[in-house]
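Visitor: the following block contains a protein sequence and its predicted model.
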Amino acid sequence: MGLGLKWWCWWLTVTAVGVGVVVRGAPSESKNNNLVSRIAFGSCANQSAPQPIWDAIIKFDPQVFIWLGDNIYGDIRLPNKLFGRKRNIGPWKNTERFVPASEQEMKSKYEKAKSNPGYSRLRQKTKVIGTWDDHDYGLNDAGKEFAGKITNQRLMLDFLDEPHDSPRRKQAGVYASYTFGPTGRQIKVILLDTRYHRDPLRSDGSILGSSQWTWLEQELHGSPTAVTIIGSSVQVISNLSATTGPFFYMESWGRFPKERDRLFKLLADSKRGAVFFISGDVHFGEITRYDCATGYPLYDVTASGITQAVEKVVPTPLHFFVRFLAWLTPATLRVMDGNCRRKSCTYGMPNFGAIEIDWDANPMTLKLQVRDTDGNPVVGVNAPLPELQARNFNYVTSSKIGKHQKHCYLEINQPGIVRYRLAILAYCALAVLILSMMGVIWLCTLCCCRCPLKKKRD
């Protein structure tokens, strides 16, 4: 009897310990199992600028908010110099426009961003996750060569309240993945680090690096989910640099064509359905689409930025000119339909991204939007989930056969006269301006020469 009593005591002790472990582990697991139907995301938030857009984001009531980079502007921008010994703008520049900030300066900027009243209210009710881009990484356009990346990784993770024992604090880079929702209605969020391992621009080298590629392959070949969101700080599908040169170039996966092909092939091989991208960086909002990667429409929703926007850098009377240039710029992969506020289907004022999933609709529907500071949609698409399912598909073959089809026709494949029409227009305008000035000077010279002659005759 004594032996049986001891056995029961031992069994109850083990059971109690087991229950205690399950209960302690339950809150995080339970939180991840909650159904998620609304996700907001944004980028490019200057901590020193007003940020009224948080009111609209809070009104949208997202369960998750995703930072996509430039969460602060940590580096220091020097005054523009077109002439002189050190020139940082123009075709003859010989030095950079930005220099890194100290660790204390970066920390102070993060504290200022985190204490913003609107953002503080959002953090109280919404789970916040994120990755970084160049300005919070520490230096404009920087890649793996940047010396301050280890320190700045710690500061960025502190900003996101990452647990001190998180694997993200021990790895090289801030990439991570999250799964939200119950089985059958799960959302997987994969956040890429496009800075820590990125080779120099124009190298056509690697963006992610070997370790991150291995991790990404495991994530995409893992357990299926109803929806998969891949967050990239720079645009994946759009490659406007192919059409805006030589005046300016934007960072994107399109400037690393081998890496982008590898990414598209990985998605096709994984047979994963309902994958789409979200991105930032470019200071305007748009939605692009590529149909020759996975066998279903692959979207990239760009929301940029919380404070930074292309139309804000010019006087209000010139906003029409910025919109005209956006419309004129060749963009073969941009979604152009009646759901756009502007004719160009871009939006150059502060904005954020909004994702809504109607799980109860038949069929279940995915709504992707870019919204303004009042929370009103400016660009959007609706996609039934059954139309975003993987099928037998060969990326290499399809990308070659369908390269001239709509939403498969890459910007870089356009005829030169179309691809470079911005440059052609600018050079023609410059030529007209120069000829006009020469004509005015000739007329003035002619008048000046005739006036003395007329006086002599009188």
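Guide: Structure received.

Visitor: strands of the stretch 301-450 of the chain, start to end?
Guide: Assigned by DSSP state E, counting those that start in this stretch, the strands in the stretch 301-450 of the chain fall at 352-358, 365-371, 377-384.

Visitor: kindly reformat those as a markdown table containing mean neighbour count.
Guide: For glycine as for every other residue, the C-beta is placed from the backbone atoms N, C-alpha and C. Listed next are these as a markdown table, based on neighbours: other Cβ atoms under 10 Å:
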| stretch | mean neighbour count |
| --- | --- |
| strand 352-358 | 23 |
| strand 365-371 | 21 |
| strand 377-384 | 18 |
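
Visitor: output those as JSON lines; include the columns mean pLDDT and distance to Leu298.
Guide: Below are the strands of the stretch 301-450 of the chain laid out as JSON lines (pLDDT from 0 to 100; distance: least, Cβ to Cβ, whole Å):
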{"stretch": "strand 352-358", "mean pLDDT": "98", "distance to Leu298": "15"}
{"stretch": "strand 365-371", "mean pLDDT": "98", "distance to Leu298": "12"}
{"stretch": "strand 377-384", "mean pLDDT": "97", "distance to Leu298": "11"}
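
Visitor: which one of those lies closest to Lys406?
Guide: In terms of Cβ to Cβ, the element of the strands of the stretch 301-450 of the chain nearest to Lys406 is strand 377-384, at 14.7 Å.

Visitor: tell me what angle that closest one forms with strand 365-371.
Guide: Taking axes from the mean of the first three to the mean of the last three Cα atoms, to 10 degrees, one finds strand 377-384 and strand 365-371 inclined to each other by 170 degrees.

Visitor: against which helices or strands is strand 377-384 packed?
Guide: On a contact count with 3 or more Cβ pairs under 8 Å, 6 or more residues apart in numbering; DSSP states H and E, strand 377-384 meets strand 286-290, strand 365-371.

Visitor: tilt between it and strand 286-290?
Guide: Going by the same axes, to 10 degrees, strand 377-384 makes 30 degrees with strand 286-290.

Visitor: using the three-state scheme, assign Leu216.
Guide: Three-state assignment for Leu216 (DSSP: H, G, I helix; E, B strand; the rest coil): helix.

Visitor: who wins for proximity to Cys345 among the helices and strands packed on strand 377-384?
Guide: Taking the helices and strands packed on strand 377-384 one by one with Cβ to Cβ, strand 286-290 is closest: 6.4 Å.

Visitor: same question for the closest one, mean pLDDT?
Guide: Strand 286-290 shows a mean pLDDT of 96.

Visitor: swap in stretch 305-323?
Guide: On average, the pLDDT along stretch 305-323 is 95.

Visitor: please begin residue numbering at 632 from this point
Guide: Got it, first residue is 632 now, which makes that one stretch 936-954.

Visitor: now do the same end-to-end measure for that stretch.
Guide: End-to-end span of stretch 936-954 (Cα to Cα, to the nearest Å): 17 Å.

Visitor: just the buried residues of it, please?
Guide: Across stretch 936-954, burial judged by 16 or more other Cβ atoms under 10 Å covers 936-943, 953-954.

Visitor: what's the farthest-apart pair in those residues?
Guide: Applying Cβ to Cβ across these, the maximum distance is between Ile937 and Arg954, 20.7 Å.

Visitor: closest to Asn665 out of the helices and strands packed on strand 1008-1015?
Guide: strand 996-1002 (18.8 Å).

Visitor: export the helices and strands packed on strand 1008-1015 to CSV and append columns for distance to Gly984.
Guide: Output for the helices and strands packed on strand 1008-1015, formatted as CSV (distance: least, Cβ to Cβ, whole Å):
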stretch, distance to Gly984
strand 917-921, 9
strand 996-1002, 6
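
Visitor: closest one to Glu734 among the ones you listed?
Guide: strand 996-1002 (34.6 Å).

Visitor: hey, C-alpha coordinates of the closest one in CSV?
Guide: In CSV, the C-alpha atoms belonging to strand 996-1002 read as follows (Å, rounded to 0.1, in the frame of the first residue of the first chain):
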residue,chain,number,x,y,z
THR,A,996,-11.2,36.5,-50.7
LEU,A,997,-8.0,38.4,-50.3
LYS,A,998,-8.1,42.3,-50.5
LEU,A,999,-4.8,44.1,-51.0
GLN,A,1000,-4.8,47.9,-50.8
VAL,A,1001,-2.7,51.0,-50.4
ARG,A,1002,-4.5,53.6,-48.3
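
Visitor: which strands and helices lie in contact with it?
Guide: Helices and strands touching strand 996-1002, by 3+ Cβ pairs under 8 Å, 6+ apart, are strand 917-921, strand 929-933, strand 983-989, strand 1008-1015.

Visitor: one more time with 6 Å, if that's ok
Guide: Judged by 3 or more Cβ pairs under 6 Å, 6 or more residues apart in numbering; DSSP states H and E, strand 996-1002 is in contact with strand 983-989, strand 1008-1015.

Visitor: so which of those strands is nearest Ala1021?
Guide: strand 1008-1015 (14.3 Å).

Visitor: that closest one: how far from the chain's middle?
Guide: Distance of strand 1008-1015 from its chain centroid, counting by Cα atoms, centre = their mean, to the nearest Å, is 17 Å.

Visitor: what about dumping the CA coordinates of it to CSV?
Guide: Provided in CSV are the C-alpha atoms of strand 1008-1015 (Å, rounded to 0.1, in the frame of the first residue of the first chain):
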residue,chain,number,x,y,z
PRO,A,1008,-8.0,53.2,-50.6
VAL,A,1009,-6.0,54.7,-53.4
VAL,A,1010,-4.9,51.5,-55.1
GLY,A,1011,-6.3,48.0,-54.6
VAL,A,1012,-7.0,44.5,-55.9
ASN,A,1013,-9.4,41.7,-54.8
ALA,A,1014,-8.2,38.2,-55.4
PRO,A,1015,-10.3,35.0,-54.6
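
Visitor: list phi and psi for Gly862.
Guide: Note on Gly862: backbone dihedrals following degrees, to the nearest 10 are phi -100, psi 120.

Visitor: for the stretch 682-831 of the chain, which spans come out with low pLDDT?
Guide: 722 (pLDDT under 70).

Visitor: show residues contacting stretch 677-688.
Guide: With contact meaning Cβ atoms under 6 Å, 6 or more residues apart in numbering, stretch 677-688 is reached by 671, 703-704, 740, 743-744, 747, 749-750, 753, 937-938, 981, 983, 1004-1006.

Visitor: any of those residues buried? List them.
Guide: Judged by 16+ other Cβ under 10 Å, buried ones among the contacts of stretch 677-688: 671, 703-704, 740, 744, 747, 749-750, 753, 937-938, 981, 983, 1004, 1006.

Visitor: in helices only, show me the residues you listed.
Guide: Among the buried ones among the contacts of stretch 677-688, the residues falling in helices (DSSP state H) are 740, 744, 749-750, 753.

Visitor: could I get the residues you listed as a markdown table with distance to Ile688?
Guide: Conversion of these to a markdown table gives the following (distance: Cβ to Cβ, whole Å):
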| residue | distance to Ile688 |
| --- | --- |
| Lys740 | 21 |
| Ala744 | 15 |
| Gly749 | 8 |
| Tyr750 | 9 |
| Leu753 | 6 |
